[in-house]
Each structure stands twice: as structure tokens, then as C-alpha cells.
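>>> structural data only, the sequence is not supplied:
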Ligand code: 6R9
């Protein structure tokens with residue numbers, strides 16, 4: 001570091017409040033501080049502001065129907081189509097030549113779709129889906145890498161009223177099968193492969209393995225050819241079709257957007273929970289779309305003229321809301337990148353920001369911590385002056401990483417929005433409105449206007465500022481999940497039972513529990529501390545410990561396993577597996593490898609254990625419960641918590657010695 005840098009670092013180090021620059025404030029979509037009060041006074045009608053961002057086939061009766069909590073309905077009896085809102089209306093408004101999607105492949109190959117191009121492709125694929133037999137309300141599974149055909153397929157589904165269920169391409173064959181089975185999904189769109197750090201990956205092989213695990217008949221699979229000459233040469237079966245061939249058959253066809261009820265399902269998204277079975281989060285057409293659009297406008301400050309880039313994968317909720325639905329509903333240009341941030345070099349993202357003159361950039365703390373480790377010389381090689389706003393999502397961001405992002409990417413002249421939200425919330429919930437509020441590194445900020453968020457203790461009583469407690473949301477909001485797919489009971493158990501009077505039909509007795517710990521400061525700024533359930537957040541991705549444990553006990557020779565999250569410099573948290581072997585099996589390198597492979601096969605490489613620790617016993621309470629907290633302390637090399645309630649306290653020291661080895 002130069003002398004100037006040292007001084008600058010020191011200057012940022014001491015600051016804990018940052019004001020948004022005047023230049024930003026002047027042009028911000030949300031610029032009026034009164035909005036918080038106005039929304040509170042005018043709740044729930046304030047959310048007409050979100051509904052007004054959409055074009056409706058016919059208007060809604062009520063903003064909110066809360067007669068049957070927690071099954072809230074928003075914008076009741078309104079009719080609309082999400083694809084129409086993301087495409088047709090922009091074309092009709094004379095914006096057909098505006099760029100909708102700028103796609104960049106890993107090797108630098110590019111594709112550009114104007115709104116007119118998107119209109120054509122989405123119509124043709126909608127016609128294709130219909131022809132394959134997809135009807136309104138059929139769930140179509142999309143197991144696709146970051147290719148433009150993914151948003152095209154999503155919007156084609158939306159056009160014909162068929163909910164999509166996107167399964168992250170990095171998930172395993174088993175994960176695909178579990179999700180297709182859970183949703184009874186008979187249609188699949190996939191790809192022959194994609195590129196990762198220069199290598200072609202065989203995605204069709206994995207798809208076929210997954211299809212072997214589907215319990216019901218699969219009507220049709222459509223395969224995108226991403227690999228061309230690098231294709232692995234699998235023959236397509238009778239029910240598998242080539243995307244390009246089908247599209248050629250339907251060239252020029254148009255499909256009227258189906259008028260959907262506001263509350264009709266737009267999509268399902270499976271996410272990890274405390275049990276081994278992933279949860280099918282159900283999002284609706286009007287509530288979700290209006291929420292992703294309103295937050296894109298007011299939090300990400302998107303303008304139609306912007307080039308905006310969210311570096312997430314569309315396989316996660318962030319990509320759904322903030323690569324596809326939000327930005328396209330607003331008629332913005334959204335950038336999509338296929339590859340990783342460090343291929344071919346560690347300046348790949350900054351090269352893209354410069355090349356496209358990106359105005360707003362949204363990424364995850366784990367990525368920022370990698371950029372930090374790689375050093376400022378990579379961003380410094382590029383002109384990043386087009387950036388107006390930066391965002392982060394997925395996990396808490398530590399103040400040091402925040403300040404690095406602020407200085408080296410934002411040049412101390414762009415606000416940062418640290419956005420707390422979840423698959424279940426549909427879009428942003430806790431974050432600063434960037435033109436209105438000061439920023440405090442390490443704190444996401446106040447709840448958005450119109451939200452009632454409280455930090456409570458185990459009894460549900462609000463805790464003092466500065467004290468750790470549990471995050472709760474005390475009023476419904478349009479973007480919220482409506483239920484878990486075909487499982488209302490689990491929906492109540494997982495999200496409401498903890499702090500609600502579940503016998504009551506008074507909405508005031510119902511409290512949503514996101515299963516995060518948090519604290520609030522005197523100014524109402526919330527610092528989210530992380531999950532309080534058995535979910536690990538690895539690089540911003542939610543992984544259930546139970547899912548990983550059941551994968552491990554499925555490995556030959558494993559008797560018992562406990563999985564915990566341990567601190568990790570880059571990933572935030574990493575997976576640590578404690579394993580007891582069966583008699584006759586050695587906890588050796590070969591076994592360790594089989595365990596790692598077992599987890600990759602069951603879930604995917606993101607769940608790969610950082611370390612596998614073989615132990616003769618697990619620390620257990622007298623009632624036989626595994627004390628995960630102690631295992632976490634060991635993984636973190638932290639001071640050990642109380643061991644007095646253990647049946648086998650001596651084992652803790654034994655395990656600790658192994659880990660330090
Ligand atoms: C959007 C997304 C949700 C969980 C959530 C929380 C963590 C997300 C955060 C954050 C602190 C933030 N999380 N954003 N924690 N600060 N800005 O990530 O959805 O994959 O469902 O994960 O991620 O623990 O409960 P999802």
C-alpha cells in the first residue's frame with residue numbers, strides 16, 4: 001500500500017456512518033424521507049405504489065385480504081400476466097429496440113436480446129411448451145445453467161400460466177429428482193452442458209441420472225445446446241427434444257399471454273430447511289412481481305436507461321427477483337454472465353463492468369471477500385466510473401469487506417445497499433433506501449417503509465437496542481411466500497408457529513419468523529447475525545445440515561454424522577462434518593473421499609465438507625441430543641461452551657485435539 005492508501009484506510013476504518021453522495025440523492029428514485037411515515041399511516045394501501053408499477057388486465061378489489069391469516073391475499077381478483085409486464089408492454093411503449101438482456105459467456109462470446117428479440121423468443125418457446133402438452137398450472141422444471149434460454153423459458157412459462165421450478169444447475173442429479181418428485185413436475189428444460197473455468201461440463205449426463213430418480217412419468221425434456229462442438233454426444237431419447245429444432249418448428253408463432261389471477265402461482269423455488277426435505281416456496285403473480293419491481297426501483301434505484309448487473313445465478317432467488325423479474329418489469333437492461341469471477345483472470349467482473357458501462361452492480365459478500373484477498377490491482381486495471389450504486393446480498397457483510405467494496409469498487413462515491421431478505425420474502429426487506437438513509441457498514445439498515453420488523457426474545461418481547469434477539473416480521477407484505485407447495489401445515493410450523501397464536505384469526509396475532517438472529521441500534525438499524533436454525537450459509541447459499549448429514553450416513557461404513565457450520569474467511573461459513581465409522585471401517589483418506597463424493601452426489605459441490613473429522617463418539621446430552629454448539633466451537637477453535645450437561649464430556653477434548661492436529 002502507498003502512504004496515501006494507508007491514510008485512506010485509516011480514515012475509513014474509524015467511520016461507522018456514511019452519507020449518500022449528494023449527486024446520488026438528487027437523482028434517486030426514492031428521495032423523500034417522509035416515505036416511512038406515509039407508508040405507515042397508509043398501510044396496507046401504501047402497497048398500491050407497488051401494484052401501480054404493473055399493467056393489469058383487470059383491476060383488483062382489495063389491496064389486502066387478511067381474513068384468513070397467515071394465508072394472506074394481495075390485490076385480490078386482479079388479473080395480469082407477468083411475461084406481458086416484463087416484455088410486451090415495453091415493446092408496445094415504443095421500446096422494442098432497447099436491450100433487455102446482455103449475455104456474456106465465459107469465453108467472452110456474447111448475445112444481446114432487445115425487448116423485441118425477447119418477445120419473439122418467449123412467444124416461440126411458449127408455443128413450444130404448449131405443443132409439448134404443457135397446460136396452465138403444470139409445473140415446469142428448469143435445470144439450466146446461466147444461458148439466455150433460462151430467462152426465456154421462465155418468461156415463456158409465465159406467459160402460459162405454467163409455474164416454473166428452477167433447480168440450480170450446480171445441484172446434483174439427486175437434488176433434481178427430489179424437486180421434480182416433490183412438485184410432480186412432468187416437464188423439464190435442461191442443457192447439454194456449460195463452461196466452468198475453461199472446461200465443458202456434462203450437464204445432460206447429470207440430468208439423465210436425475211431423471212432416473214423421478215417417480216412419475218416425464219412427458220418431455222427440452223435440451224439447450226450450449227456446447228456445440230464440445231457436446232458429450234449423448235443420444236436424445238424419444239421424449240427428449242433439441243431446443244433449436246423445436247424453436248424452428250414454431251418460428252414466428254405468437255401466444256396470447258394468459259390472464260392470471262393476482263394470487264395464481266408464478267413459480268416455486270425449493271430452499272433448504274431444518275429437515276432433510278427441501279421446502280417448496282410458492283410465489284404469486286401480482287404480489288411477487290410488484291415486490292420485485294418496487295424494490296428494484298426504490299432499493300436498486302433502477303432506471304429504464306440503466307445497464308444493471310447482478311452477478312448471482314438465476315438458480316437462486318436473487319437471480320429470479322433481481323436478474324429477471326424486477327429489472328425486466330422496469331424495462332431495464334440486465335446483464336447475465338455465465339462464468340466465474342476468476343476466469344480467465346481475477347479481473348473478469350471488472351472487465352465486464354467496464355465493457356458494458358454498468359450503472360448498478362449487485363453481488364455477495366463472499367465474492368467481495370475474494371476480491372479483497374486478490375487485491376485492488378484487479379479492479380484498478382479498469383474504469384469503473386460508470387457505477388452509481390452497489391449492492392450486497394446473501395449473508396452478513398463485515399465492515400472491513402464493506403469498506404473495501406466502498407473504496408475500491410465504488411471509489412467512495414457510490415452508496416451501498418446491504419439487502420437482507422430471503423427466498424421466502426420474494427425481495428428486499430431490510431436495507432437502506434439509498435437516496436434517503438445514511439449507511440452503517442455491517443448493518444443492513446432499517447426495514448423498508450411499510451414493514452413492521454421487530455427483534456424479540458424467546459417470549460416474543462422486544463429486546464433493548466444492542467441486544468441480540470430474533471428477527472420477526474409483524475405485518476404481511478405483497479412479496480411474501482403464500483405457502484409451502486401443497487403443505488400448508490409445514491408452512492405454519494416453519495414460519496409462524498414460533499411467535500403466533502395459531503388459533504387466532506386476528507392478523508395481529510400472526511408473526512412471521514425468518515429464523516435469523518439480529519440486533520437493532522438506537523436509530524432502528526438492524527444487524528442480522530445469521531441463521532438460528534440448522535441451516536448453514538455457505539457463500540450466501542442456504543444448506544440444511546440435515547440434508548448433508550443424511551447424505552453422509554448414506555455412505556458405506558458411516559455409522560453417525562453431525563454437520564455444523566464453522567467460520568470461513570471467504571465463504572462466511574463452511575461445512576464441517578463429524579463422523580463416526582462403523583466397526584471394521586477406518587476413518588482414512590479413502591473414507592474421507594467417499595464422504596465428500598457422497599455429499600457432492602446428493603446435493604452438489606457447494607455442500608462439499610471443508611473438513612471431515614472422524615471421532616469415536618459425538619458430544620451428547622443426557623437425553624441423547626447431539627450438542628452441535630460445541631462442535632461449532634471446535635470448528636471455530638473458539639472457547640468451548642458449557643460441557644457440564646454432557647453425558648460424555650471427555651470426548652470434546654479428544655475431538656478438539658484431532659481438529660488441531
Ligand atoms: C436472498 C437470499 C436467506 C438467508 C437469510 C439470512 C441470509 C441474506 C443477508 C443475510 C445478513 C444480509 N441473508 N441476506 N444475512 N445480511 N444482507 O439470500 O435468500 O438464499 O433464501 O437466504 O440468507 O440468513 O435468512 P436465501
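That came through fine. Predicted model, so just to flag it, every value in this text is computed and none were measured.

>>> in stretch 483-494, what's buried?
Going by neighbour count (16 or more other C-beta atoms under 10 Å), the buried part of stretch 483-494 is 483-485, 487, 490-492, 494. Quick note: C-beta positions are derived from backbone N, CA and C, even for glycine.

>>> so what touches that stretch?
Stretch 483-494 is contacted by residues 70-71, 182-183, 268, 273-274, 279-282, 481, 502 when judged by C-beta atoms under 8 Å, 6 or more residues apart in numbering.

>>> and that stretch, average pLDDT?
Averaging pLDDT along stretch 483-494 yields 97.

>>> start to end distance for that stretch?
The separation between the terminal residues of stretch 483-494, taken as C-alpha to C-alpha, to the nearest Å, is 10 Å.

>>> not counting sequence-adjacent ones, nearest residue to the most far-flung residue of the chain relative to its centre?
Most distant residue from the mean C-alpha position of the chain: residue 584, 42.3 Å away (C-alpha atoms, centre = their mean). Spatial nearest neighbour of residue 584, chain neighbours left out: residue 557 (7.7 Å); criterion: C-beta to C-beta, 6 or more residues apart in numbering.

>>> what sits against the one you found?
Here residue 557 is in contact with 581-582, 584-585, 591, 594 (C-beta under 8 Å, 6+ apart).

>>> let me have those in a markdown table, extended by secondary structure and pLDDT.
Output for those, formatted as a markdown table (DSSP: H, G, I helix; E, B strand; the rest coil; pLDDT from 0 to 100):
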| residue | secondary structure | pLDDT |
| --- | --- | --- |
| 581 | strand | 94 |
| 582 | coil | 92 |
| 584 | coil | 93 |
| 585 | coil | 94 |
| 591 | helix | 96 |
| 594 | helix | 97 |
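
>>> can I get the buried part of the contacts of stretch 483-494 as one ChimeraX selection?
In ChimeraX, a selection of the buried entries from the contacts of stretch 483-494 looks like this (16+ other C-beta under 10 Å):
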select :70,71,182,183,268,273,274,279,280,281,282,481
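
>>> which of the contacts of stretch 483-494 sits closest to residue 79?
residue 282 (18.9 Å; C-beta to C-beta).

>>> wait, that closest one sits on residue 268?
Yes. Counting by C-beta atoms under 8 Å, residue 282 touches residue 268, with 5.9 Å between them.

>>> name the nearest residue to whichever residue of the stretch 551-661 of the chain sits closest to the ligand, sequence neighbours excluded.
Of all residues in the stretch 551-661 of the chain, residue 572 sits closest to the ligand, at 9.1 Å by C-beta to the nearest ligand atom. In space, and not counting its chain neighbours, residue 572 is closest to residue 395: 4.7 Å by C-beta to C-beta, 6+ apart.

>>> what about that neighbour, how many neighbours?
Neighbourhood size, residue 395 [other C-beta atoms under 10 Å]: 22.

>>> next, residue 413: secondary structure please.
coil (DSSP: H, G, I helix; E, B strand; the rest coil).

>>> distance check, it against the ligand.
Going from residue 413 to the ligand by C-beta to the nearest ligand atom, to the nearest Å gives 22 Å.

>>> leaving out chain neighbours, which residue sits closest to that residue?
Take residue 413 and drop its neighbours on the chain: the residue closest to it by C-beta to C-beta, 6+ apart is residue 21, 5.5 Å away.

>>> quick one, what contacts the one you found?
Contacts of residue 21 (C-beta under 8 Å, 6+ apart): 413-415.

>>> the same query, at a cut-off of 10 Å, please.
Applying C-beta atoms under 10 Å, 6 or more residues apart in numbering, we find residue 21 in contact with 388, 410, 412-415, 435.

>>> need the max-distance pair from those.
412 and 435 (17.0 Å).

>>> okay, those two: which has more neighbours?
Counting neighbours by other C-beta under 10 Å for residue 412 and for residue 435 shows that residue 435 has the greater number, 21 against 13.
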